[in-house]
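Participant: Okay, here's the prediction I keep looking at, along with the sequence it came from:
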Protein chains: 2
Amino acid sequence: MKIKSIKGGVCAPLGYKANGVHCGIRKNKVKKDFALIVSEVRASAAGVYTSNLVKGAPVIVTKKNLTDGCAQAIICNSGNANTCNADGIEIAEGMCKLVESVSGIAASDVIVASTGVIGQKLSLDPMKEHISELYEGLGDKSLSAAEAIMTTDTVDKQVAVEFILDGKKCRIGAIAKGVGMVCPNMATNLIFLTSDVAITPEMLQKALSEDVKTSFNMVSVDGDQSTNDTCCILANGLAGNELIDKKGLSFSRFAKALNYCTVTLSKMLAKDGEGATKLIECNVFGAKNVKTARTVAKSVIKSSLFKAAMFGADANWGRVLCAIGYSGADVDVNKIDVTFGSRAGSVKVCENGYGLDFSEEVAKKVLSEDEITVDIDLKSGNFKASAWGCDLTYDYVKINGDYRT
Amino acid sequence: MKIKSIKGGVCAPLGYKANGVHCGIRKNKVKKDFALIVSEVRASAAGVYTSNLVKGAPVIVTKKNLTDGCAQAIICNSGNANTCNADGIEIAEGMCKLVESVSGIAASDVIVASTGVIGQKLSLDPMKEHISELYEGLGDKSLSAAEAIMTTDTVDKQVAVEFILDGKKCRIGAIAKGVGMVCPNMATNLIFLTSDVAITPEMLQKALSEDVKTSFNMVSVDGDQSTNDTCCILANGLAGNELIDKKGLSFSRFAKALNYCTVTLSKMLAKDGEGATKLIECNVFGAKNVKTARTVAKSVIKSSLFKAAMFGADANWGRVLCAIGYSGADVDVNKIDVTFGSRAGSVKVCENGYGLDFSEEVAKKVLSEDEITVDIDLKSGNFKASAWGCDLTYDYVKINGDYRT
């Protein structure tokens, strides 16, 4: 199947409009902080959320609103997570009611999300003042929405693809934000996907739940898992394909297109990790099962020592072996090969668990690129997995040493 | 029981001598890199080691040498971990034989340890050249030995205590090194303890294994667990107390004195964490069992976001709640109280899971000290635990971005 990358983000699929404005939750008047995405018609909807016991109030309200498997709009603010607030549920429900008040879409058909500082009261007032402006400005404005959900992100994150089902052009689009407190068990911070595919809520949820295991769940920036992680998808059926209501060719194609979008976003999220200068992709091969492959890949990508070495372009492969060793995965240390790579070439540094003589000069050149791969061959089976992360830099510390001010 | 802090480190107990010299494994000629501790007589010995699947060769040799529960000397180099080397076992055994060659102590009665870079060949030659100098210089030189095992440590770590058993003065002394790759499941990097207490190898092992659960296992600097973590204790019986061969008052007293030493060292290790400017102590109260208390304390102390906030003296308590939430511990989020403290005072920031109004000015003052406590009351039982860590700073990144050069 051909998957074609297209422009337009969440507005690429038929029947979606978006907007983002500054409403005043943030003091910085240039930074948008209030986003809205609306589908022309009620859509199938699915979500995956943080598994943190401390859950943001919007996560609780969104879960409740999606129990019927349908939704029509997504409202989101940045600058305040609306988490650990005594009136959090009331505020999150209030945001849904604001959407209802201007659009007529039932509050229970609204997905709500918030991102920012935990434990600070969120007032509805600035949102009340700007909801009309936000709604009336809806258009082909995926970028505005993408900007409005950013926190410490340095670039907007959008993707869209086109593919064919039953001879009909279908599309999936998405916006995301991530950057800090990124280490999901279920989803990475905020990801909103839209599609014009016709699919039942059940099959949409199945596709999304399966997808995140190989995409957002394999991203780590700092090992901290957010209280507000939310990944939601709307699919409004306007593409006109035959309704997907079971597994089969169409479902597989949809899943493949979805995975193209989510893996693309996963890399964007890792590369824009707080303070990051490099995207690191860890590919594990030859594992005896998929769990082992994923555990090893995640452990390496999460190691602070390995991440700091990558910042310094230092081929300190002992830290890779070390992170494999404490991962808890059942591996044979004496079979492990490790190779570093980038567009500047590749260098094998470890074979069967022991160090190889390699050119430090070549290794430095390979690791000085801004996209690095570390390939780990366990030579014990046929399973593989990839994980994405970033280097650990001075700027990560700077950004997080004084985030609230 | 009175536990009196005394001077002398590993040489404080009767019958121990130590020394440290520069042998040339490190290029820096001012930095000692070769240490020896010897007991006058054969001693009961016990150890706990890394649980990393990738184990340094010295760990394997020491475990083998301690199978009979006895030892008489400790040999250690810094600058090279002797890990992931094809000839590692041979080299580690060679180090034990060097001790035998100069002292007559059987190689199988030697504890061997190495710390430094993983995966670089370690030559015996510089150690062969300097073993006589090292042995002949043995004396009341705990500091020299403590210095010789340091890597990126900025200060030597020694402790010694005196206490009474059966009317006899008894002592425990220790040296330690830690700093990076510190997140033990069993022990933190290298800790060597000596004692003149008379105790069977079995009871010594029991005391040590139990002790590390509340001391070194509760320390985290960076969440990375070393391949070479080793904590060993010798007890040579020269104090003349009645042999401890079962649980009872003497065993409890010994365990209490041991825990004083190990907790003191744990705090030293955390405070001197790579790049650290602050010691952070996390005290969890009111847990429904000890496992919950330990899990929560460790999760908070390990959170990169929390650690960076402490560096910035930012009372971002939401990150504490967040780390509790993803710890996997079964807690009631709506009962949690959080208080920050230091010698400058204390400030309660969260009650029943929700934020309190507090003075940012006072919080800043409290968190600007170099020893910080974060007290977490789960209000669900009577168990407690403490964990120790440090802040995450620019210097951690700097030190680890280019460690090998």
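Facilitator: Nice, I can see it.
Participant: Do a quick rundown of the helices in chain A.
Facilitator: Using DSSP state H, the helices of chain A run over residues A:57-65, A:88-103, A:125-136, A:142-148, A:201-212, A:249-271, A:290-302, A:304-311, A:318-325, A:360-367, A:394-401.
Participant: Dump those helices to JSON lines, plus mean neighbour count, mean pLDDT and distance to residue B:296.
Facilitator: Yep, even glycine has a C-beta here, placed from its N, CA and C like the rest. Conversion of the helices of chain A to JSON lines gives the following (neighbours: other CB atoms under 10 Å in any protein chain shown; pLDDT from 0 to 100; distance: least, CB to CB, whole Å):
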{"stretch": "helix A:57-65", "mean neighbour count": "22", "mean pLDDT": "95", "distance to residue B:296": "21"}
{"stretch": "helix A:88-103", "mean neighbour count": "19", "mean pLDDT": "97", "distance to residue B:296": "22"}
{"stretch": "helix A:125-136", "mean neighbour count": "17", "mean pLDDT": "98", "distance to residue B:296": "35"}
{"stretch": "helix A:142-148", "mean neighbour count": "25", "mean pLDDT": "96", "distance to residue B:296": "35"}
{"stretch": "helix A:201-212", "mean neighbour count": "20", "mean pLDDT": "96", "distance to residue B:296": "27"}
{"stretch": "helix A:249-271", "mean neighbour count": "21", "mean pLDDT": "94", "distance to residue B:296": "28"}
{"stretch": "helix A:290-302", "mean neighbour count": "23", "mean pLDDT": "94", "distance to residue B:296": "20"}
{"stretch": "helix A:304-311", "mean neighbour count": "28", "mean pLDDT": "87", "distance to residue B:296": "21"}
{"stretch": "helix A:318-325", "mean neighbour count": "27", "mean pLDDT": "89", "distance to residue B:296": "24"}
{"stretch": "helix A:360-367", "mean neighbour count": "17", "mean pLDDT": "95", "distance to residue B:296": "37"}
{"stretch": "helix A:394-401", "mean neighbour count": "21", "mean pLDDT": "73", "distance to residue B:296": "21"}
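Participant: is it possible to export those helices to CSV including distance to residue A:51?
Facilitator: Below are the helices of chain A laid out as CSV (distance: least, CB to CB, whole Å):
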stretch, distance to residue A:51
helix A:57-65, 11
helix A:88-103, 19
helix A:125-136, 28
helix A:142-148, 26
helix A:201-212, 11
helix A:249-271, 18
helix A:290-302, 15
helix A:304-311, 22
helix A:318-325, 23
helix A:360-367, 34
helix A:394-401, 22
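Participant: CSV for those helices, including distance to chain B?
Facilitator: Below are those laid out as CSV (distance: least, CB to the nearest CB, whole Å):
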stretch, distance to chain B
helix A:57-65, 11
helix A:88-103, 9
helix A:125-136, 19
helix A:142-148, 22
helix A:201-212, 16
helix A:249-271, 15
helix A:290-302, 8
helix A:304-311, 3
helix A:318-325, 3
helix A:360-367, 9
helix A:394-401, 3
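Participant: right, so of these, which gets closest to residue A:36?
Facilitator: helix A:125-136 (5.0 Å; CB to CB).
Participant: any idea which strand is longest in chain A?
Facilitator: Ordering each strand of chain A by length in residues (DSSP state E) puts strand A:34-49 first.
Participant: which regions of the stretch 101-250 of chain A sit below the pLDDT cut-off?
Facilitator: Judged by pLDDT under 70, the stretch 101-250 of chain A has its weakly predicted residues at A:179-188, A:221-226.
Participant: if you set the cut-off to 80 instead, what comes out?
Facilitator: Regions of the stretch 101-250 of chain A meeting the criterion pLDDT under 80 cover residues A:152, A:179-189, A:220-228.
Participant: still on that earlier bit, tell me which other helices or strands the longest strand of chain A touches.
Facilitator: strand A:16-21, helix A:57-65, strand A:70-80, helix A:125-136, helix A:142-148, strand A:190-195, helix A:201-212, strand A:230-235 (3 or more CB pairs under 8 Å, 6 or more residues apart in numbering or on different chains; DSSP states H and E).
Participant: mind checking which of the ones you listed is nearest residue B:248?
Facilitator: helix A:57-65 (53.8 Å).
Participant: tilt between that closest one and helix A:88-103?
Facilitator: 60 degrees (axes from the mean of the first three to the mean of the last three CA atoms, to 10 degrees).
Participant: Give me the contact list for helix A:57-65.
Facilitator: A:47, A:49-50, A:71, A:82-83, A:85, A:88-89, A:91-93, A:95-96, A:107-114, A:227-230, A:232 (CB atoms under 8 Å, 6 or more residues apart in numbering or on different chains).
Participant: ok, of those residues, which come out buried?
Facilitator: Using 16 or more other CB atoms under 10 Å in any protein chain shown as the burial test, the contacts of helix A:57-65 include A:47, A:49-50, A:71, A:82-83, A:85, A:88, A:91-93, A:95-96, A:107-114, A:227-230, A:232 as buried.
Participant: my read: residue A:258 touches residue A:172, true?
Facilitator: Yes - counting by CB atoms under 8 Å, residue A:172 is a contact partner of residue A:258 at 5.9 Å.
Participant: Show me what residue of the stretch 51-200 of chain A gets nearest to chain B.
Facilitator: For the stretch 51-200 of chain A, the residue closest to chain B is residue A:118, as judged by CB to the nearest CB, at 2.5 Å.
Participant: Correct me if wrong: that residue contacts residue A:52.
Facilitator: No - in this structure, residue A:118 is not within contact of residue A:52 by CB under 8 Å, at 10.7 Å.
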